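> Next comes the sequence, and after it the predicted model I'd like to discuss.
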Amino acid sequence: MTSSEAIWQDLGRIRAESPLVHNITNYVVMNSTANALLALGASPVMAHAVEEVEEMVGLAAALVINIGTLSGPWIEAMFLAGRAARRKGIPIVLDPVGCGATRLRTETALRMLKEGWPAVLRGNGSEIRALFHSEGATKGVDSRHSAEDALEAAQGLSIRFGCAVSVSGPVDFVIHGDSVLRVANGHPLMPRVTGMGCAASALTGAFAAVNRSPLHAAAHAMAVMGIAGEMAAEQAPGPGSFHVQFLDALYRLREDDIAGRLKMETA
Amino acid sequence: MTSSEAIWQDLGRIRAESPLVHNITNYVVMNSTANALLALGASPVMAHAVEEVEEMVGLAAALVINIGTLSGPWIEAMFLAGRAARRKGIPIVLDPVGCGATRLRTETALRMLKEGWPAVLRGNGSEIRALFHSEGATKGVDSRHSAEDALEAAQGLSIRFGCAVSVSGPVDFVIHGDSVLRVANGHPLMPRVTGMGCAASALTGAFAAVNRSPLHAAAHAMAVMGIAGEMAAEQAPGPGSFHVQFLDALYRLREDDIAGRLKMETA
Amino acid sequence: MTSSEAIWQDLGRIRAESPLVHNITNYVVMNSTANALLALGASPVMAHAVEEVEEMVGLAAALVINIGTLSGPWIEAMFLAGRAARRKGIPIVLDPVGCGATRLRTETALRMLKEGWPAVLRGNGSEIRALFHSEGATKGVDSRHSAEDALEAAQGLSIRFGCAVSVSGPVDFVIHGDSVLRVANGHPLMPRVTGMGCAASALTGAFAAVNRSPLHAAAHAMAVMGIAGEMAAEQAPGPGSFHVQFLDALYRLREDDIAGRLKMETA
């Protein structure tokens, strides 16, 4: 099976089974994340109360934790949910938004990694580097370093914490131990819409719900993000219309869109 | 007066008076809910602090409570606001998002119903069934049962709690005691956009602000949702453009759009 | 240098430098605010935890505080961030959303003004009047009075608190002491989209990051908002498509769009 066929197979399962993806994510992107999951064919739920997160995890096929707008009670809920997901054996995706910008973010993400939950750690180059070095400062939630610069950091984190590491940038990398996949799909308008990285993490959760390989689930999600982004950009003069077209493209994505556009290779 | 004329009359009052609709709703849909109310012609306000919800209710013409992302402090604010709205005599709409998925949600919604506030309880079939049976589990916030399956549950809840019950699905039902209205407008793209049910609840609040019949207010809101959804779908290849067109359709809705498309009948 | 050239110069710096604008804002508009800043060319970050706001301010070029969905912990974080921004010397923009509607909002905004942080206070006529009179009630977050009615209030607040005051309405005014600038750009669809006022405040933060004059930064932001709004309205039959086109217009704005459309004058 080619990579393109494997992505199409995963997408078919997502559309047929509508896996419930439980998101504990940031306020900025909750709406756009839910819409990306719905457009893909998955079923999103957002729940963050300590009183209910464990019960909600019990219904879910994947858990996505995104630390974009952290605060004390949310951290507590994330740990309850993460431990419940681990006990249940469903995949966890961690998006370490803004790691390196503040100690709260870096330390919270590191604590999660040290507890060993994530199947996939998915961030931009700055965040992955900050986690690896646990020092330095990123420029807010932006990426300052290319994904390639973060390759060494990603490999180090993957080995240390045993998870796949998915690094977004002009070219995306997904690393699991010695395996490296490179995805060159995407478009420069993507970072001009807030929450595209967060959508990538949520879609990684949906793919992980149907594909047991964290490496392939993460790479397939990045490929679908990038291909839908390319399709959207062809119809969009700016970031407002790009976001609209991106959701339409996720919804309409066909096998030949993937086959004709995929730029994924073993690096 | 036909149903179509009655809906047009309500819509005219909403556009002329811009009733203030106070929403205590979930993080995912705050933006899209506010935009739906503005496109309709109403005036939205979101406020959830225990320090101010009672004062804000004092300015409002309707209160909409939506439990989609509950937590302790929000529940406290919802009860303060609900009791203030009841004392003031303004209509309350309750959207029991995710009831059946977790005990926190089911129990919170039941406590509100038992206090006797809601003029309208508006949810999908799963949520209404879960409240009626107070058992079973829904698949997150999705609907698993058709609106028709939930008819018995809705009638039971309406009789027990004395409110109108509005159940969305491919065909919507609104029930108040022995009265049943059936609305067959809508489009399959609607559940592929997050927050369309929450928008229906908010619009129900706007209609309840200008129409004293909870039964008719709820049915008129569902009809306008469904008609705007049909108009939007004609222009939209996917859920991203659908949402944009839906807001435009709410804003542009004319008397002959309603007269020509309305599928509402006594069931 | 004409006003049009000065705006273009500021916009060029924002696009070249991507200043980090730290927003502590309301749940309703976080997504649309981040998207407006990204479309303009700035770099948004949202962070509200008391544990990290001071550290995040340390990375930022401007701080925007918006009280649209207040609660106790957020107020505490706003004060920590505001004081840190003042110590650091970066400009602070305060958007007093809903002042006059509840005491919590009016009193919180007044406390911030009395501590002397804001470089720019940016609200609608009702809010500015409510702050000046510290009495009366606005209709939720809507504007009930024209910007012109609020001129006296704005001048009073500017003199008392030493900040620029930017008042949005069909015609916008920006006042700093004795100086008054009048911006007549804009379109009636703008108040039909939630968060356009909040976006104006965020853009004011971006302009203040590159222009040391609070008066001119605030006026340039209002001019760019209004011009992008006019360009969007030409493509938009309703508020859904208007919002999409508005983001595209911010992204695509060229020197001749500003030169050809600007309606800014000393009043």
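Ah, there it is.

> which residues of the stretch 51-200 of chain A fall in helices?
A:53-57, A:72-88, A:103-114, A:125-133, A:151-161, A:196-210 (DSSP state H, counting those that start in this stretch).

> can I get these in TSV with mean neighbour count, distance to residue B:220 and mean pLDDT?
Yep, even glycine has a C-beta here, placed from its N, CA and C like the rest. Formatted as TSV, the helices of the stretch 51-200 of chain A follow (neighbours: other C-beta atoms under 10 Å in any protein chain shown; distance: least, C-beta to C-beta, whole Å; pLDDT from 0 to 100):
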stretch	mean neighbour count	distance to residue B:220	mean pLDDT
helix A:53-57	22	34	97
helix A:72-88	19	39	97
helix A:103-114	19	47	96
helix A:125-133	26	48	94
helix A:151-161	19	55	95
helix A:196-210	29	35	98
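
> out of these, nearest to residue A:43?
Proximity to residue A:43 (C-beta to C-beta) singles out helix A:196-210 among the helices of the stretch 51-200 of chain A, at 9.0 Å.

> do the top helix by length along chain A and chain B meet?
Ordering each helix of chain A by length in residues (DSSP state H) puts helix A:214-233 first. No: using C-beta under 8 Å from any C-beta of the partner chain, we find that helix A:214-233 stays clear of chain B, coming within 8.5 Å at best.

> which residues touch the most centrally placed residue in chain A?
The residue lying closest to the centre of chain A (C-alpha atoms, centre = their mean) is residue A:201, at 1.5 Å. Counting by C-beta atoms under 8 Å, 6 or more residues apart in numbering or on different chains, residue A:201 makes contact with A:64, A:66, A:93-95, A:122.

> Could you list the buried residues of the longest helix of chain A?
For helix A:214-233, the neighbour count (16 or more other C-beta atoms under 10 Å in any protein chain shown) marks A:214-233 as buried.

> so after it, what's the next helix or strand?
helix A:239-252 (DSSP states H and E).

> Extract the C-alpha set from that following helix and format it as PDB.
Taking C-alpha atoms only, helix A:239-252 is exported to PDB below (Å, rounded to 0.1, in the frame of the first residue of the first chain):
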ATOM      1  CA  PRO A 239      -6.600  34.400   5.300                       C
ATOM      2  CA  GLY A 240     -10.400  34.900   5.800                       C
ATOM      3  CA  SER A 241     -11.400  33.100   2.700                       C
ATOM      4  CA  PHE A 242      -8.600  30.700   3.200                       C
ATOM      5  CA  HIS A 243     -10.000  29.400   6.400                       C
ATOM      6  CA  VAL A 244     -13.500  28.900   4.900                       C
ATOM      7  CA  GLN A 245     -12.000  27.100   1.900                       C
ATOM      8  CA  PHE A 246      -9.800  24.900   4.200                       C
ATOM      9  CA  LEU A 247     -12.900  23.500   6.000                       C
ATOM     10  CA  ASP A 248     -14.600  22.900   2.700                       C
ATOM     11  CA  ALA A 249     -11.500  21.100   1.400                       C
ATOM     12  CA  LEU A 250     -11.300  18.800   4.400                       C
ATOM     13  CA  TYR A 251     -14.900  17.900   3.900                       C
ATOM     14  CA  ARG A 252     -14.600  17.300   0.200                       C
END
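
> counting contacts, what elements does that helix pack onto?
helix A:30-40, helix A:214-233, helix B:239-252, helix C:30-40, helix C:239-252 (3 or more C-beta pairs under 8 Å, 6 or more residues apart in numbering or on different chains; DSSP states H and E).

> Contact residues of the stretch 151-267 of chain A facing chain B?
Within the stretch 151-267 of chain A, the positions lying close to chain B (C-beta under 8 Å from any C-beta) are A:243-252.

> Repeat the analysis, applying 10 Å as the threshold.
Within reach of chain B by C-beta under 10 Å from any C-beta of the partner chain, the stretch 151-267 of chain A has these residues: A:232, A:235, A:240-253.

> Quick check: which of those has the minimum pLDDT.
Within those, the minimum per-residue pLDDT falls on residue A:235 (95).

> Residue A:101: which of the helices and strands packed on helix A:239-252 is closest?
Going by C-beta to C-beta, the one of the helices and strands packed on helix A:239-252 nearest residue A:101 is helix C:30-40, 15.0 Å.

> tell me the mean pLDDT for the closest one?
When pLDDT is averaged along helix C:30-40, the result is 98.

> distance between that helix and the chain's centre?
13 Å (C-alpha atoms, centre = their mean, to the nearest Å).

> Run through the neighbouring helices and strands of the next helix-or-strand element following it.
Elements were assigned by DSSP H and E; along the chain past helix C:30-40, the next helix or strand is strand C:43-46. If you count contacts as 3 or more C-beta pairs under 10 Å, 6 or more residues apart in numbering or on different chains; DSSP states H and E, strand C:43-46 packs onto strand C:20-24, helix C:30-40, helix C:196-210.

> try 7 Å
strand C:20-24, helix C:30-40 (3 or more C-beta pairs under 7 Å, 6 or more residues apart in numbering or on different chains; DSSP states H and E).

> about what we covered before: with distance to residue B:267 as added columns, please give the helices of the stretch 51-200 of chain A in TSV.
Converted to TSV, those look like this (distance: least, C-beta to C-beta, whole Å):
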stretch	distance to residue B:267
helix A:53-57	34
helix A:72-88	42
helix A:103-114	51
helix A:125-133	54
helix A:151-161	57
helix A:196-210	38
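
> Nearest to residue B:27, out of these?
That would be helix A:72-88 among the helices of the stretch 51-200 of chain A, by C-beta to C-beta, at 11.2 Å.

> Next, count neighbours for residue A:5.
12 (other C-beta atoms under 10 Å in any protein chain shown).

> so where does it fall, helix or strand?
helix A:3-17.

> sorry, back to before: gap between the residue nearest to the centre of chain A and residue A:13?
Distance from residue A:201 to residue A:13, counting by C-beta to C-beta, to the nearest Å: 19 Å.

> tell me the contacts of the closest residue to residue A:262 other than its chain neighbours?
With C-beta to C-beta, 6 or more residues apart in numbering or on different chains as the criterion, residue A:262 has its nearest non-adjacent residue at 5.0 Å, and that residue is residue A:4. For residue A:4, the contact set (C-beta atoms under 7 Å, 6 or more residues apart in numbering or on different chains) comprises A:258-259, A:262.

> Also residue A:214?
Counting by C-beta under 7 Å, 6+ apart, residue A:214 has contacts A:91, A:119-120, A:163-164, A:176, A:208.

> Now do the same for it: its pLDDT.
pLDDT, residue A:214: 98.

> Then the one 4 residues further on?
At residue A:218, the model reports a pLDDT of 98.

> Likewise for residue A:150?
pLDDT, residue A:150: 86.

> Distance check, it against residue A:117.
21 Å.

> what does chain A put close to chain C?
Chain A comes close to chain C at residues A:27-29, A:31-32, A:69-71, A:101-104, A:137, A:139-142, A:192-195, A:237-241, A:244, as judged by C-beta under 7 Å from any C-beta of the partner chain.

> Fine, thanks again, bye for now.
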